[in-house]
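Asks: missing the sequence, but the structure's below:
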Ligand SMILES: NC(=O)c1ccc[n+]([C@@H]2O[C@H](COP(=O)([O-])OP(=O)(O)OC[C@H]3O[C@@H](n4cnc5c(N)ncnc54)[C@H](OP(=O)(O)O)[C@@H]3O)[C@@H](O)[C@H]2O)c1
């Protein structure tokens, strides 16, 4: 039985992953942005499963979340699942003054990774759109030109793979991998998505359980349990280090080694 922390478990793929892991007999710690969302999402189905809170578009709340999640650890697996899509229209700044897609999708998992105790398995949700990611370290918050939400999202999902791979090469004894869940019918995936929630959750569950020897690996990128090659930039150690440096500067928290 594994103890698993899943961010963004109030909806979509994260909720499905939590439900399936619980059915399989694992201990799950859920995460909701606030009490209200937890009540809406969990009231009927989850009973006494522990929930921790924090809005990932706030650096302070994300730091507090790291502390409260850690109190319920240690974890065998942490699934960095929470995310927002690129269709949010105009460029939105959080109250920290940071472009929202970057803060929720990249800085939040970076902060949690850097502040929380290490789990044996770290799983980062990326997307097939990471292939279209173009690192722009001179304009990482998309301040220049016309804002393109899908480009910001694609970039953020490439950065998630880079964080997964940086953890993979830096944390001895920890297995860290990234997952493209497919195009899944959720709030984020939209109604035209081609694949169902079971498909979206299966790889994270497979990696968490580690029953298949093919799932006991480090520094890989998977879709539907098949290893894929990620965007070449994801493997570039110098680029990974630059990203970590930028995240350190923005959060004041160094990458945990
Ligand atoms: N669906 C797809 O087709 C697809 C494809 C590729 C990759 N992915 C990736 O899969 C992951 C899960 O996506 P999904 O499709 O399941 O999306 P979803 O249904 O929209 O669920 C996203 C989860 O993240 C939470 N979340 C978002 N912003 C948050 C914030 N500021 N603070 C705290 N929690 C926040 C949501 O909370 P609320 O319920 O309160 O909003 C929800 O629990 C994401 O990382 C996404 O990039 C999805």
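Replies: Sure, I can see it. These numbers come from a predicted model, not from an experiment. Residues are numbered from 1 along each chain as shown.
Asks: which residues of this structure lie near the ligand?
Replies: With the criterion set to C-beta under 6 Å from any ligand atom, the chain comes near the ligand through 8-14, 33, 37, 55-57, 81-84, 104, 125, 127, 181, 183-184, 186-189, 193. To be clear about C-beta, it is placed using only N, CA and C from the backbone, and glycine gets the same treatment.
Asks: just the buried residues from the residues you listed, in ChimeraX please.
Replies: A single ChimeraX command selects the buried members of the residues of the chain next to the ligand (16 or more other C-beta atoms under 10 Å):
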select :8,9,10,11,12,13,14,33,37,55,56,57,81,82,83,84,104,125,127,181,183,184,186,188,189,193
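Asks: and residue 165, what element?
Replies: helix 149-170 (DSSP states H and E).
Asks: so which elements touch that helix?
Replies: helix 100-102, helix 108-115, strand 121-125, strand 175-180, helix 237-251 (3 or more C-beta pairs under 8 Å, 6 or more residues apart in numbering; DSSP states H and E).
Asks: I'd like those as a markdown table, with mean pLDDT appended.
Replies: What follows is those, written out as a markdown table (pLDDT from 0 to 100):
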| stretch | mean pLDDT |
| --- | --- |
| helix 100-102 | 98 |
| helix 108-115 | 98 |
| strand 121-125 | 99 |
| strand 175-180 | 99 |
| helix 237-251 | 98 |
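Asks: compare those and give me the one nearest residue 226.
Replies: Nearest of the helices and strands packed on helix 149-170 to residue 226, taken as C-beta to C-beta: strand 175-180 at 9.9 Å.
Asks: please consider this matter closed, and thank you.
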